[in-house]
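Student: give me a 3D structure for the following:
(2 chains)
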Protein chains: 2
Amino acid sequence: MPALGRLCGEIRQFLIQTVSKAGGHLASNLGAVELSVALHRVFDSPRDKFVFDVGHQSYTHKILTGRYEAFHTLRSEGGVGGFPRQAESEHDAFIGGHSGISVSAALGIAESLRLSGCSSKTIAIAGDGSFTDGAIYEGLNNAGKSKANLLVVLNDNGMSISKNTGALAAYLSNMRTSRKYYEAKIATKDFLHTKPLGKTVSSAVSATKQLVKNTVYYKNPQGNIFENLGFKYYGPVDGHNLAELIEVFELTKLIDTPCLVHVKTKKGKGFKPAERNSGEYHGVSARALAPTSPTYSEVFGREITRLAEADENIVLISAAMKYPTGCNYFNDRFPERFYDCGIAEGHAVTFSAGLAANKNIIPVFAVYSTFLQRGFDRLLHDAAIEKQHIVLAIDRAGMVGEDGETHQGLYDTAMLSCIPDVTIFSPANDRELRECLRRALYEIEGIAAVRYPRGVAAVDNGQSTVDSYVLTARGAYAGKLAITYGRLAERIEGDCDLLRLVQIKPLPEESIAAAMGYSDIIFCEEGSERGGIGEAFLLELVRRGWRGSYDVRGVTGFVPSASVEAQLGRIITPL
Amino acid sequence: MPALGRLCGEIRQFLIQTVSKAGGHLASNLGAVELSVALHRVFDSPRDKFVFDVGHQSYTHKILTGRYEAFHTLRSEGGVGGFPRQAESEHDAFIGGHSGISVSAALGIAESLRLSGCSSKTIAIAGDGSFTDGAIYEGLNNAGKSKANLLVVLNDNGMSISKNTGALAAYLSNMRTSRKYYEAKIATKDFLHTKPLGKTVSSAVSATKQLVKNTVYYKNPQGNIFENLGFKYYGPVDGHNLAELIEVFELTKLIDTPCLVHVKTKKGKGFKPAERNSGEYHGVSARALAPTSPTYSEVFGREITRLAEADENIVLISAAMKYPTGCNYFNDRFPERFYDCGIAEGHAVTFSAGLAANKNIIPVFAVYSTFLQRGFDRLLHDAAIEKQHIVLAIDRAGMVGEDGETHQGLYDTAMLSCIPDVTIFSPANDRELRECLRRALYEIEGIAAVRYPRGVAAVDNGQSTVDSYVLTARGAYAGKLAITYGRLAERIEGDCDLLRLVQIKPLPEESIAAAMGYSDIIFCEEGSERGGIGEAFLLELVRRGWRGSYDVRGVTGFVPSASVEAQLGRIITPL
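Tutor: Residues are numbered from 1 along each chain as shown, chains lettered A, B, ... in the order given. Here you go, the predicted model:
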């Protein structure tokens, strides 16, 4: 045990050193060191299956399973990924980038093993933030009635990325402050352990199992929320006490049906700056503390706050991303008009549609492109059919760099394009973002989306427009045109004119008319080629009788971790 | 009260007569008659807002709010819709076609009213089936901590469409058999009511509120699952006892924060055949009991069962749609390999991906096209990135007729098209469905989808193919080609050749080569035009140097209730 304790200390130092260089999720990983070490001490990966929910607590797991040497390549092109992936290691039993999926996935894995007669345990490790996500609940509801050899570890640090919200957070907090569940159960277990069983090992284990089942876990018929859902509940356990963790995990080895262990951890544990402000250290960027120009998120956050000064009907909604999306400015000024829904993007969309249904409130939902995917049906069914006027501020649209394929913002264009009557803006700098936001709020009916990329906002260089597109003549050969939108425009070089769309849906009629004069067109798209804007533009051209050479350079596969510029380079090879 | 009882009897008779003629949801509506009458007796619509979850229990509400005279037009073109819609009546506060959204939407509405200083109550009425949906949980978790003047009515008939499943179902069933919550609370209320308050009405109400809050609702700190989430819980109440219903709803009028009333009802109440087999009477088709040829659902259900005889690795997943999707045949034969996940399509996708992750099991998820929309992010993130081999049997793909815009299967093509490496088949008859299913299981990697429409399966007339497309020369004018897929093919008439795609993604290379020889092409698509197959086909043609006339006739807006043939007619006006 002292050796394991030293190991934890070494891993923690290693994490602090590596992540501060490579960038990545520091605080959540620092909180999960002992938890990961204890799980690997007790269980046998890859025979037992580890499934991380939002895998940004999986670094210790990665270090312990063969990726220590390569860990300095964290999140770099071709290096160790920031999230678990089967393709990376047999010890990663499932992909983990988005929240809430671990119990469903682990249940599937556990059932597939059970059907094959394998007695492995499948372990889902999920943070309390994921428990604000309905996905977890669907998983628990199905797992609780199953016979799956499943262990769910609730890594409860009392916050998702921002401070955790919702009734469940209060409920968990209440459970956290009580140790009675754990103490009662451990006491019974100790009693069982001290009994001279006087049998062979296997029958002893079997007898113990039965005793454990009958004596301990069915004792409290009222139960807590997890017991109500059919789980055997253990906890809360001190997530930084190795002995306690190992003891409780050993206990769950005796049970081959669904268990939940509630572990209390401290985000950022062992690194004072991260302990004090774990939100700030949630994702550490490699460039760290260099002073920079405002990001698009900040431009959005300040502008929506400014607009809300003049319009009391504007409310702002976030799904556990208050700081990363710049909603903090609004929340500071108008806390009563800010809603943090937790990691529940589906709810956030329908809640927004409900807010809009009486035509008095204008809800603005600030969300990452990749996470908005979770609201597709809600947008289509709850918002679009009845033309509820909601504004989507789509952050991290396009390539996101080192977070890799699970977090790319490449599908919002295709997803929103097929929904009738949606308007989409794609500003290319700070001033256009402000202008598009104003138009989305006041000139559009139904769903209005403004999408902008991760990172520092381009500063208006006089090329901003209040129009829906801008055509720049710059080619020597007059017949060639590049069409694009967003930040790609300033990266496209070559002997051609350039049509930059600001409104990408519906396509501005005049932009199509302008393109009709060219015979050789290439549409460059920082988004999915299939279902994207380039295909739609071509159909509109051909419908109007245009004949010529046309190609789309967009994204056709999943884009792995690399720098944003390298990722953009996949699209804009020289024209 | 006797008058109200007679009213309920009359409504029930009226429902049985009307629905058996017009088609529609009989059993669920028969179960909600007294509940709806009591709610309208106590609350004041449209001042108070009624939000129905999966609105197929809203018929009594519709009859009571001005739609009695027109009710014989139920579900017909231009008639009273099968689901609530704001556009239809000011008494329908929100659209309700998909499950699980009512609490989120009602919370939004309640907050928008609160922000405007309005004291109306917003009422979400949701069946217990919706409580297997994570969406409800996200809504409850957010509502429970809010100050919204919100009443959630849990209409608990112990089943969703098929028999309800999951740990929560068992938990609710346990609650159903106990009346202690209700009796304890009603007793306290009676005690309060008999106290001489001796004050003005308004201060009396205020004092009563405070007493009610302090004395009754915070009594049980352990609470049940709803109390844990921050709701004041009342129930279970007999959902066919008007006096009891009115009493409890009056009680909730005293509270201006979130309450949940748990109502026990009997699906099909008052109509013996529907009481005995409410699953069969869930959706009553106008054509009723006429013997018919097998539907696509039945063809699928029998074929997957046959295939599973030979392959023990096939498992079947449903999201509360065992009978409607034909999964009952499989369940009868292989109950241990069938999973009904409840109304939790997101979970079902991730669970399938988990089942597939060890490469031993082939999961088949049978799901309506419209409900698969709820799994978009799961397909993209959990299944596609790591190429998990899951098979989607997409039922009700295309126009669905009288269910109207909320249930159209018009977006699966666009949604799946933008996901990398998905294969989609669109068979046009029974034999092709069987063939495509076999190919999806055994010839494809990653996500393989087979989509087929609602209703009676076309019978192989010798035009079936095991190829990915079939080209029929039939035009006198050789330059004109119609391209399509699925059942549209047999409806396209005109002086043109016909290219019918069976595999619609990826596009078969030979089909593009075949189309290159035509100068005048029209692509007819029973699905969204934007992001659909027609746009992709055009791009592939133009990339290969094709120049000509091309148009897509697909779906561009929401398609309201009408017969399927009328809906298809919107696409295939004569070529």
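
Student: which of the helices or strands spans A:Cys524?
Tutor: With elements taken from DSSP states H and E, the one containing A:Cys524 is strand A:520-528.

Student: for the stretch 201-350 of chain A, just list every one of the strands.
Tutor: Ranges of strands within the stretch 201-350 of chain A are A:232-238, A:259-264, A:314-318, A:338-340, based on DSSP state E, counting those that start in this stretch.

Student: who's in contact with the closest residue to chain B within the stretch 251-400 of chain A?
Tutor: Using CB to the nearest CB, the point where the stretch 251-400 of chain A gets nearest to chain B is A:Gly354, with a distance of 2.1 Å. Backbone N, C-alpha and C define where each C-beta goes, glycine included. If a contact means CB atoms under 8 Å, 6 or more residues apart in numbering or on different chains, then A:Gly354 has B:Val51, B:Phe94, B:Ser104, B:Ala105, B:Ala106, B:Leu107, B:Gly108, B:Ile109, B:Ala110, B:Glu111, B:Ser112 as its contacts.

Student: try it again with 7 Å
Tutor: Contacts for A:Gly354 were tallied using CB atoms under 7 Å, 6 or more residues apart in numbering or on different chains; they are B:Phe94, B:Ser104, B:Ala105, B:Ala106, B:Leu107, B:Gly108, B:Ile109.

Student: ditto for A:Val400
Tutor: A:Val400 is in contact with A:His407, A:Gln408, A:Gly409, A:Arg454, counting by CB under 7 Å, 6+ apart.

Student: low pLDDT regions in the stretch 451-575 of chain A?
Tutor: Counting by pLDDT under 70, the stretch 451-575 of chain A has low-confidence residues at A:475-477, A:574-575.

Student: which parts of it sit against chain B?
Tutor: When proximity is defined as CB under 7 Å from any CB of the partner chain, the stretch 451-575 of chain A approaches chain B at A:528, A:530-531, A:535-536, A:538-539, A:542-543, A:547, A:550-552, A:556-558.

Student: just the ones of the residues you listed in helices?
Tutor: A:Glu535, A:Ala536, A:Leu538, A:Leu539, A:Val542, A:Arg543 (DSSP state H).

Student: ok, and the most crowded of those residues?
Tutor: When neighbours are taken as other CB atoms under 10 Å in any protein chain shown, the top entry among these is A:Glu535 (29 neighbours).

Student: so which strand or helix has the most centrally placed residue in chain A?
Tutor: Geometric centre of chain A, nearest residue: A:His98, 4.1 Å, by CA atoms, centre = their mean. Using DSSP H and E, A:His98 sits within no helix or strand.

Student: for chain B, see how far away it is.
Tutor: Relative to chain B, A:His98 is positioned 5 Å away (CB to the nearest CB, to the nearest Å).

Student: so is the residue nearest to that residue when sequence neighbours are not counted in a helix, a strand, or just coil?
Tutor: In space, A:His98 comes closest to B:His381 once its chain neighbours are excluded; the distance is 5.0 Å by CB to CB, 6 or more residues apart in numbering or on different chains. State at B:His381, reduced to three classes by DSSP: H, G, I helix; E, B strand; the rest coil: helix.

Student: got the contact list for B:His381?
Tutor: Contacts for B:His381 were tallied using CB under 7 Å, 6+ apart; they are A:Gly97, A:His98, A:Thr406.

Student: adding distance to A:Val261 and pLDDT, write those out as JSON lines.
Tutor: Putting the contacts of B:His381 into JSON lines (distance: CB to CB, whole Å; pLDDT from 0 to 100) gives the following:
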{"residue": "A:Gly97", "distance to A:Val261": "24", "pLDDT": "92"}
{"residue": "A:His98", "distance to A:Val261": "23", "pLDDT": "94"}
{"residue": "A:Thr406", "distance to A:Val261": "26", "pLDDT": "95"}
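
Student: now for the closest residue to A:Gly409 other than its chain neighbours: which residues touch it?
Tutor: By the measure of CB to CB, 6+ apart, the closest residue to A:Gly409 outside its immediate chain neighbours is A:Ser369, 2.9 Å from it. Counting by CB under 7 Å, 6+ apart, A:Ser369 touches A:Ile394, A:Arg396, A:Ala397, A:Gly409, A:Asp412, A:Arg451.

Student: I'd like to know which of these are part of helices.
Tutor: Taking DSSP H as the definition of helices, the contacts of A:Ser369 contribute A:Asp412.

Student: what's the helix or strand for A:Gly108?
Tutor: Using DSSP H and E, the element containing A:Gly108 is helix A:102-115.

Student: neighbouring contacts of that helix?
Tutor: The set of residues external to helix A:102-115 that reach it, using CB under 7 Å, 6+ apart, is A:49, A:51-53, A:93-94, A:96, A:120, A:122-126, A:135-136, A:138-140, A:142-143, A:146-150, A:152, B:347, B:350-355, B:357-358, B:360-361, B:382.

Student: returning to what we had before: tell me which two in the residues of the stretch 451-575 of chain A next to chain B are the farthest apart.
Tutor: Longest distance between any two of these is 34.3 Å, between A:Arg547 and A:Phe558; criterion CB to CB.

Student: the two: which has the busier surroundings?
Tutor: For A:Arg547 against A:Phe558, the residue with the higher neighbour count under other CB under 10 Å is A:Phe558, and the figures read 19 against 13.

Student: apart from its neighbours in sequence, what residue is nearest the more buried one?
Tutor: Nearest one to A:Phe558, counting by CB to CB, 6+ apart, is A:Glu405 at 4.0 Å.

Student: list the contacts of that neighbour.
Tutor: Contacts of A:Glu405 were listed using CB under 7 Å, 6+ apart, and they are A:Phe558, A:Val559, A:Pro560, B:Ile385.

Student: which of those ranks first by neighbour count?
Tutor: With neighbours set by other CB under 10 Å, the maximum within the contacts of A:Glu405 is found at B:Ile385, which has 24 neighbours.

Student: sketch out the low-pLDDT regions of chain A for me.
Tutor: Along chain A, segments meeting pLDDT under 70 span A:159-223, A:277-291, A:475-477, A:574-575.

Student: how about a cut-off of 80?
Tutor: Within chain A, the set of residues satisfying pLDDT under 80 comprises A:1, A:22-24, A:158-225, A:228, A:272-292, A:463, A:475-478, A:573-575.

Student: longest helix in it, please.
Tutor: Longest helix in chain A by number of residues (criterion: DSSP H): helix A:2-22.

Student: counting contacts, what elements does that one pack onto?
Tutor: The elements that helix A:2-22 packs onto, with contact taken as 3 or more CB pairs under 7 Å, 6 or more residues apart in numbering or on different chains; DSSP states H and E, are helix A:27-31, helix A:33-42, helix A:242-253.

Student: how far is the second one from where the chain is centred?
Tutor: Right, the one you point to is helix A:33-42. In terms of CA atoms, centre = their mean, to the nearest Å, the centre of helix A:33-42 is found 24 Å from the chain centre.
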